[in-house]
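**Q** No sequence on hand, only this structure:
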């Protein structure tokens, strides 16, 4: 990980602010150095009060103030030091707040961009990755980057500048001591970097992978609670969870051990310097004063060196975050290119046409055997079409092609002569309603689930109630304690299978969709409930002759209301 890499991942809109933050780091270093420097006069006062009347800095200040009473002068110096330290801390606090706000804004930026990037990569991408891994990257990795890479980099920069100032000040006061410090510390620091460099990068990537798997195990365990209990699978997942905990602990212990090494190694180097000073002092008052100055400065140098060494270790440990966030940059480039192509809105007035469509999944081991092969079909506005066939024949794939989620390898899907593509897909979705076999129910109220994507304040209550009545949910709504504002549970846990499907239908009606796609919307229901749902769909068809319906079902009997049935 280098400064160049960090700068490259910064968005252009943030780079000017980064210069301001860097300047604030410099200011903090100057104030911290000044806060240390003002302690030296106090040390001199304690060590040798005669310095006040000599040629020292204190003596010059004493003569400049014209204060004859030395006690009054000492009190004035002490008060000035206290006031300056308070001022320094206030300024440090303000500058620190400015820095952390900048870092947090970058966290929000990267997390939002990754979220958007993964979402817009489409259905094929989402199906081929683990959603827990995406959640970990969006939340955990972006936070680690902002706090343990970017924020830490600013902290290390500030400590490095402060350390340089302290060393220069020490060299100006007593060059030999400064030289001793360099000779003793540099070998220690170099040895540390040489030993742990590769180990830290390897540990960081390994720990990240273990944490990702751990998040997946937790998610799958609670999502599959019923199957876990029925099949006695919990012990297996518990063993995996315990192994994950052991892995996280193992890598964390290794990293923490490495992070402790700097303190121990630096202390050894400092003790060597101090022993050398004791050996060469031999009653020399100048060296004794220098020893005292060194003792004061080392109090601040020691944590600065520790921060640099342990910070470097953390940067290497979290280097993997840069690779993940670089995805944001690639996504933005592609998004910018796509935006340069003007979108041509899609409207449906005449026909949807599948023209000699071939489709196979990009990662298929047998691309010579497409899921959909040389398929052609025309759908007129207002038609009711049923689609049936055995599992795996490509019925859902056909819907995903029609929805624009998949792009055919050959042939085309067009609406009123306009080919569907990623540019005009959004306008096409504006007029489509989709009801899958397992209707998505979010953790919210009934109203929020029907008017999905709208805030509670913006929902049209009259249109909502009408859609619920058309979906035959009015009786259910009346039975709820809070009506449409009733919270229906995570993933619709308070709904029956038939009610879930009706919520899906009500959602398309509230949207005022012109095309209704039903993908095995009744296959998981019992016969009586299925008949009720089919009756609801048939009534919708009769009441709106312009509504185009495409319905997938295993059973042809469920498609009796359709104008024609296509067998795949």
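**A** Nice, thanks for sending it over. Keep in mind the model is a prediction, meaning the values are calculated, not measured.

**Q** switch to C-alpha atoms for all contacts and neighbour counts from now on
**A** Fine.

**Q** show me the contacts for the residue nearest the centre of the chain.
**A** Closest to where the C-alpha atoms of the chain average out (Cα atoms, centre = their mean) is residue 138, at 2.6 Å. Each residue near residue 138 by Cα atoms under 8 Å, 6 or more residues apart in numbering is listed here: 110-112, 114-115.

**Q** What segments of this structure are strands?
**A** Ranges of strands within the chain are 351-359, 372-380, 384-388, 410-415, 418-419, 432-435, 515-519, 548-552, 564-567, based on DSSP state E.

**Q** among these, which is nearest residue 150?
**A** For residue 150, the closest of those is strand 432-435, at 43.2 Å, according to Cα to Cα.

**Q** which helices and strands sit right next to that closest one?
**A** helix 497-511, strand 515-519 (3 or more Cα pairs under 8 Å, 6 or more residues apart in numbering; DSSP states H and E).

**Q** So what are the sheet partners of that strand and their directions?
**A** If you go by DSSP bridges, strand 432-435 pairs up with strand 515-519 (parallel).

**Q** can you list contacts of the partner strand?
**A** Applying Cα under 8 Å, 6+ apart, the contact partners of strand 515-519 are 396, 399, 431-437, 508, 547-553.

**Q** now that strand against strand 384-388, angle please.
**A** Counting by axes from the mean of the first three to the mean of the last three Cα atoms, to 10 degrees, strand 515-519 points 20 degrees away from the direction of strand 384-388.

**Q** Report the residue ranges of every domain in the chain.
**A** 3-335, 351-567 (automatic domain parsing).

**Q** could you dump the ones you listed to TSV with distance to residue 345?
**A** What follows is the domains of the chain, written out as TSV (distance: least, Cα to Cα, whole Å):
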stretch	distance to residue 345
domain 3-335	18
domain 351-567	5
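
**Q** Could I get the ones you listed in JSON lines, plus columns for distance to residue 344 and mean pLDDT?
**A** Output for those, formatted as JSON lines (distance: least, Cα to Cα, whole Å; pLDDT from 0 to 100):
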{"stretch": "domain 3-335", "distance to residue 344": "17", "mean pLDDT": "73"}
{"stretch": "domain 351-567", "distance to residue 344": "6", "mean pLDDT": "82"}
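
**Q** what's in contact with stretch 460-469?
**A** Contacts of stretch 460-469 (Cα under 8 Å, 6+ apart): 447, 450-451, 474, 503, 506-507, 509-510.

**Q** chain center to it: distance?
**A** Put simply, stretch 460-469 sits 37 Å off its chain's centre (Cα atoms, centre = their mean, to the nearest Å).

**Q** and what of stretch 170-183?
**A** Here stretch 170-183 is found 46 Å from its chain centre; the criterion is Cα atoms, centre = their mean.

**Q** Okay, buried residues for that stretch please.
**A** By neighbour count on 16 or more other Cα atoms under 10 Å, the buried set for stretch 170-183 is 170, 174, 177-178, 180-181.

**Q** sorry, back to before: let me have the contacts of stretch 460-469 in JSON lines, extended by neighbour count and distance to residue 531.
**A** Below are those laid out as JSON lines (neighbours: other Cα atoms under 10 Å; distance: Cα to Cα, whole Å):
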{"residue": "447", "neighbour count": "25", "distance to residue 531": "25"}
{"residue": "450", "neighbour count": "26", "distance to residue 531": "22"}
{"residue": "451", "neighbour count": "25", "distance to residue 531": "26"}
{"residue": "474", "neighbour count": "16", "distance to residue 531": "18"}
{"residue": "503", "neighbour count": "27", "distance to residue 531": "16"}
{"residue": "506", "neighbour count": "27", "distance to residue 531": "17"}
{"residue": "507", "neighbour count": "25", "distance to residue 531": "20"}
{"residue": "509", "neighbour count": "23", "distance to residue 531": "20"}
{"residue": "510", "neighbour count": "23", "distance to residue 531": "23"}
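
**Q** Looking at those, point me to the pair that's furthest apart.
**A** Spatial extent of the contacts of stretch 460-469 (Cα to Cα) is set by the pair 451 and 474 at 15.7 Å.

**Q** returning to that earlier point: for residue 482, find the nearest of the strands of the chain.
**A** Going by Cα to Cα, the one of those nearest residue 482 is strand 432-435, 25.6 Å.

**Q** who's in contact with the closest one?
**A** Identification of contacts with strand 432-435 by Cα under 8 Å, 6+ apart yields 501, 504-505, 507-509, 511, 513-519, 521.

**Q** so how far is it from its chain's centroid?
**A** Put simply, strand 432-435 sits 30 Å off its chain's centre (Cα atoms, centre = their mean).

**Q** Same question for stretch 463-483.
**A** Its chain's average C-alpha position is 38 Å from that of stretch 463-483, according to Cα atoms, centre = their mean.

**Q** again with stretch 556-566
**A** Distance, stretch centre to chain centre, for stretch 556-566: 46 Å (Cα atoms, centre = their mean).

**Q** Do me a favour and get the end-to-end distance for it?
**A** With Cα to Cα, to the nearest Å as the measure, stretch 556-566 spans 10 Å from end to end.

**Q** quick one on the thing from earlier: could you dump the strands of the chain into JSON lines with distance to residue 256 and mean neighbour count added?
**A** Compiled in JSON lines, the strands of the chain are given as follows (distance: least, Cα to Cα, whole Å; neighbours: other Cα atoms under 10 Å):
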{"stretch": "strand 351-359", "distance to residue 256": "51", "mean neighbour count": "20"}
{"stretch": "strand 372-380", "distance to residue 256": "54", "mean neighbour count": "15"}
{"stretch": "strand 384-388", "distance to residue 256": "60", "mean neighbour count": "22"}
{"stretch": "strand 410-415", "distance to residue 256": "55", "mean neighbour count": "19"}
{"stretch": "strand 418-419", "distance to residue 256": "57", "mean neighbour count": "16"}
{"stretch": "strand 432-435", "distance to residue 256": "51", "mean neighbour count": "21"}
{"stretch": "strand 515-519", "distance to residue 256": "52", "mean neighbour count": "23"}
{"stretch": "strand 548-552", "distance to residue 256": "57", "mean neighbour count": "23"}
{"stretch": "strand 564-567", "distance to residue 256": "63", "mean neighbour count": "14"}
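
**Q** Turn those strands into TSV, columns for distance to residue 149.
**A** Below are the strands of the chain laid out as TSV (distance: least, Cα to Cα, whole Å):
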stretch	distance to residue 149
strand 351-359	44
strand 372-380	48
strand 384-388	54
strand 410-415	46
strand 418-419	46
strand 432-435	43
strand 515-519	46
strand 548-552	51
strand 564-567	57
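
**Q** Understood, closing this out.
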